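In: how would this look folded up:
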Amino acid sequence: MNTAVHALGNDRDAHVVEDICGYIAAVPPRSFFLFAGAGSGKTRTLVEALRRVTGVVEHELGRQYAERLRSRGQSVRVITYTKNATAVITGRLGENYLTVVSTIHSFCWELIKGFDQDIREAMLARKAKKLTDAKAYAMGKVKGESDKDREKYAEIEAEAAQLRRTETFIYHPDRNTYGQGALSHAEVLEVTAWLIRERPTLQRILADRHPLILIDESQDTMKGVLDALFELSKNRSGHITLGLIGDHRQRIYPDGHDDLPSHVPDDWARPALQMNHRSQERIVKLINRIWAADIEGRTQPRTGVAQHSRTEKNGGTVRIFVGDTKTDTADKIRIEGECALAMAVETASAAWQEHVRSYKTLALEHKLAARRGGFFDAYSAMDLLDKDAATPKSNGERTGPTMVRPLLGPMLDLAECLQPDRSLNEFAAMDVLRRHGVLANLPQPRAERQAVLDNIHAAVTDFAAAIFQDDATVRDVLAPLLKRGLFEADSRLVQAYGDASAPPPEPKVKSKEAKEDRRKRGWHALFKTSWREVGRYRAYLGGEAELATHQVVKGSEFKHVMVIMDDEEAGGNWFSYDKLFGAEELSPTDKHNVEDGNETIIDRTLRLLYVTCSRAEESLALILWAKNPNAALDAIKRSEWFAAGEVTVLK
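Out: Predicted structure coming up:
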């Protein structure tokens, strides 16, 4: 390993690939945690190390390691957080028989699939712990157990009884469609973690298959899985090596460890990438200051490596605009457009101009993005139907609730075949009908075949007529397709469409609402939603809209970024820019968390701001709608994150 004097400038990280190869190919090998900040070339580093240790690139130690893998029928396992990341790594790596790349969920399911008895035992252990925790919580209350507590116990015990009767398990989060044996994403991870810890046979299988496991985005990887792998690498030292790649400063999801570096064993190597190849110098300096900030309410240590921009990227534009959150939403949207025009002047870039709008807008929560993106009713309805599936996930699950099929799939595909002059692109429409099985299995007799084709033609014609109504609702557009059975529809959608009864009223306390009532309200809201919103909602789900939430764009990069920070309209309680920027005092709960050393709302929001700002390559506009603008401006001045000319007060 070359760990002596490192080259400065753009090549200051040139030694890291060689260092990693040394850790992997050493006898015995050494596990490592690679600190890889935003825009640091993490994927390139990972791919180059893999190419060497699998013999693709000439490397003496790598050649020997590759020969050992081949002789034992083994391979390197690379675990990513998203399907997109899997595709990127596979694409850059090329054909490589000694490397298997997959998402964490695919890896886990591949490992446990078919071990139904073991899965059942793991699930029962999970239920037993849930029951124990519920009883401990109830007994700790001043009034002791209640009837509601006992109902909860009975529910858990009934679920355990059902598990004992389940013979086969599959991986699918939609249990309503696929039955009791369907495991959700979280369940697959939890079961895998339990089995890795408790089943020596599975430990041997894993070590025999993959003596090297590299985990990308390790800061967001479920802590239970990571801890199980930590324990496995310790117990089978020399037989299995772990390589974690990530940046704890970019952890967004609660599944990962609060402070991953503190959980990495002391004897592991800790290489680091110091460069930021993505962003201009001004933006890199800002994210360094954000992470180094000493803010009231912060408990997360300021560990990490300060980044350096590329020598040729010595510019960049950063501005923060501060306004009053009591401003009307319509006025906020108008003013945000004026902020974009101000950025166009500052940067001399047409990207910020209204007729171009090639900047990315990031919002704190999905609700805020839906308001700004003009699909609030569609999002709200989907959230009532299936809260977990209603939002785009960074792990690549972006199809929306299963129960709304075919609304978000073939119907929108067919709608895109309609021209502005109301004509139909028949070639494109035929392609949609073929892809979605409408033209499959047509009857052979001529008369019957023609009758089916006439029905399809009538359905498409009526569908087109419905879409072009100015005030078309989802119910209007669904009518001709459900009536004529053009696309296969989920039974829950069909049943809800035919239910003319009024929805139940919105509960005063949402947590006490029955799932059936919530879902019925969702169907009612969806059917009366404007059809135009559905297309915007799908674009948002697929990451094609100009708007996105902070959480979803982690790993992405954009030349120009606008960040909308508006706690009031976001409606969440997990993050607070008002508290981060001093526009609101910390609550007693916040202060209690600080005293106990727990993760705080400041920690979460600071990381989210870090992620957001580090997406920008050339220019960055932050718009803060604060409860107390003057207090926020004072705090911004004290922070020294921005120069005086970079702060604008919105009137």
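In: quick check, Leu368 in contact with Glu569.
Out: Yes. Assessed by CB atoms under 8 Å, Leu368 is found in contact with Glu569 at 4.9 Å. For glycine as for every other residue, the C-beta is placed from the backbone atoms N, C-alpha and C.
In: so between those two, which is more surrounded?
Out: Leu368 (25 against 19; other CB atoms under 10 Å).
In: doesn't that one fall inside a helix?
Out: Yes. Read with DSSP: H, G, I helix; E, B strand; the rest coil, Leu368 is one of the residues of a helix.
In: contacting residues around it?
Out: With contact set as CB atoms under 8 Å, 6 or more residues apart in numbering, Leu368 has these partners: Ile564, Asp566, Glu569, Ala570, Gly571.
In: just the buried members of the residues you listed?
Out: Among those, those scoring as buried are Ile564, Asp566, Glu569, Ala570 (criterion: 16 or more other CB atoms under 10 Å).
In: show me which of those is closest to Arg607.
Out: Ala570 (16.2 Å; CB to CB).
In: please list all residues in contact with that closest one.
Out: Ala570 touches Ala363, Leu364, Glu365, Lys367, Leu368, counting by CB under 8 Å, 6+ apart.
In: cool, Gly39 as well?
Out: Contacts of Gly39 (CB under 8 Å, 6+ apart): Met275, Asn276, His277, Arg278, Ser279, Gln307, Glu557, Ser614.
In: same check, this time on Leu481
Out: Leu481 touches Pro406, Met411, Ala459, Phe463, Phe487, Ala489, counting by CB under 8 Å, 6+ apart.
In: return the member of these nearest to Cys339.
Out: The closest of these, once distances to Cys339 are taken by CB to CB, is Met411, at 36.3 Å.
In: what secondary structure does the closest one sit in?
Out: Classified using three-state DSSP, Met411 is helix.
In: domains in the protein, by residue range?
Out: 9-105+196-276, 115-168, 281-364+550-649, 380-541 (automatic domain parsing).
In: can I get those domains in a markdown table including distance to Gly181 and mean pLDDT?
Out: Shown next, in a markdown table, are the domains of the chain (distance: least, CB to CB, whole Å; pLDDT from 0 to 100):
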| stretch | distance to Gly181 | mean pLDDT |
| --- | --- | --- |
| domain 9-105+196-276 | 17 | 92 |
| domain 115-168 | 5 | 90 |
| domain 281-364+550-649 | 30 | 94 |
| domain 380-541 | 16 | 90 |
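In: of all the ones you listed, which one is nearest Glu187?
Out: Across the domains of the chain, closest to Glu187 is domain 115-168 (CB to CB), at 7.2 Å.
In: chain center to the closest one, what's the gap?
Out: 29 Å (CA atoms, centre = their mean, to the nearest Å).
In: nearest to Arg372, out of the domains of the chain?
Out: Closest of those to Arg372 is domain 281-364+550-649, at 6.1 Å (criterion: CB to CB).
In: run the chain-centre distance for the closest one.
Out: Using CA atoms, centre = their mean, the offset of domain 281-364+550-649 from its chain centre is 20 Å.
In: now do the same end-to-end measure for it.
Out: Between the opening and closing residues of domain 281-364+550-649 there is a gap of 25 Å (CA to CA, to the nearest Å).
In: and what of stretch 465-475?
Out: Counting by CA to CA, you get 13 Å between the two ends of stretch 465-475.
In: contacts for it?
Out: With CB under 8 Å, 6+ apart, stretch 465-475 has contacts from 407, 415, 418, 422, 476-477, 479-480, 497, 526-532, 534.
In: I'd like to know which of those residues are buried.
Out: Members of those classed as buried by 16+ other CB under 10 Å are 407, 415, 418, 476-477, 480, 497, 526-527, 529-532, 534.
In: quick check: the two most widely separated of the residues you listed?
Out: Among the buried ones among the contacts of stretch 465-475, Leu418 and Tyr497 lie farthest apart (CB to CB), at 22.4 Å.
In: and Glu595, that one's in a strand?
Out: No. Assignment of Glu595 by three-state DSSP gives helix, placing it outside any strand.
In: count of residues packed around it?
Out: Under the criterion other CB under 10 Å, the count of neighbours that Glu595 has is 9.
In: and for Ser556?
Out: 14.
In: oh, and call the first residue 29 from now on, that's how I've got it
Out: All set: I'll call the first residue 29, so the last point we hit is now Ser584.
In: and it, how close does it get to Val85?
Out: Using CB to CB, to the nearest Å, we find Ser584 at a distance of 28 Å from Val85.
In: do the same with Arg193
Out: Taken as CB to CB, the span from Arg193 to Val85 is 53 Å.
In: neighbour count winner among those two?
Out: Val85 (15 against 9).
In: if we can go back for a sec, any quick PyMOL command for the buried ones out of the contacts of Gly67?
Out: Applying 16+ other CB under 10 Å to these, the buried members can be selected in PyMOL as follows:
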select buried, resi 303+304+305+306+307+335+642
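In: quick check, nearest of the contacts of Gly67 to Asp606?
Out: Closest to Asp606, out of all of the contacts of Gly67 and judged by CB to CB, is Ser642, at 21.8 Å.
In: tell me the phi and psi of that closest one?
Out: phi -80, psi 0 (degrees, to the nearest 10).
In: show me what the strand or helix carrying Thr640 is packed against.
Out: Assigned by DSSP states H and E, Thr640 falls within helix 629-641. In terms of contacts (3 or more CB pairs under 8 Å, 6 or more residues apart in numbering; DSSP states H and E), helix 629-641 is packed against helix 309-320, strand 586-593, helix 605-608, helix 616-624.
In: what angle separates the first one from strand 586-593?
Out: To tie it back to what came earlier, the one meant is helix 309-320. Orientation check (axes from the mean of the first three to the mean of the last three CA atoms, to 10 degrees): helix 309-320 against strand 586-593 gives 40 degrees.
In: so how far is Phe197 from Phe143?
Out: From Phe143 to Phe197 the distance is 9 Å (CB to CB).
In: the more surrounded of these two?
Out: Phe197 (27 against 18).
In: re the thing from before, out of the contacts of Ala598, who's the most crowded?
Out: Going by other CB under 10 Å, Leu392 tops these with 27 neighbours.
In: for that one, grab phi and psi.
Out: Backbone torsions for Leu392, taken as degrees, to the nearest 10, come to phi -70, psi -50.
In: sorry, back to before: list the contacts of the helix holding Thr640.
Out: Under CB under 8 Å, 6+ apart, the answer for helix 629-641 is 66, 277-280, 286, 311, 314-315, 318-319, 321, 323-328, 390, 392, 578-579, 581-582, 589, 591, 602-605, 607-608, 614, 618, 621, 648, 650.
In: and with 7 Å instead?
Out: 277-280, 311, 314-315, 318-319, 323, 325-328, 390, 578, 582, 591, 602-605, 607-608, 618, 648 (CB atoms under 7 Å, 6 or more residues apart in numbering).
In: can you select the buried ones from these in PyMOL?
Out: Applying 16+ other CB under 10 Å to the contacts of helix 629-641, the buried members can be selected in PyMOL as follows:
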select buried, resi 277+278+279+280+311+314+315+318+319+323+325+326+327+328+390+578+582+591+603+604+605+607+608+618+648
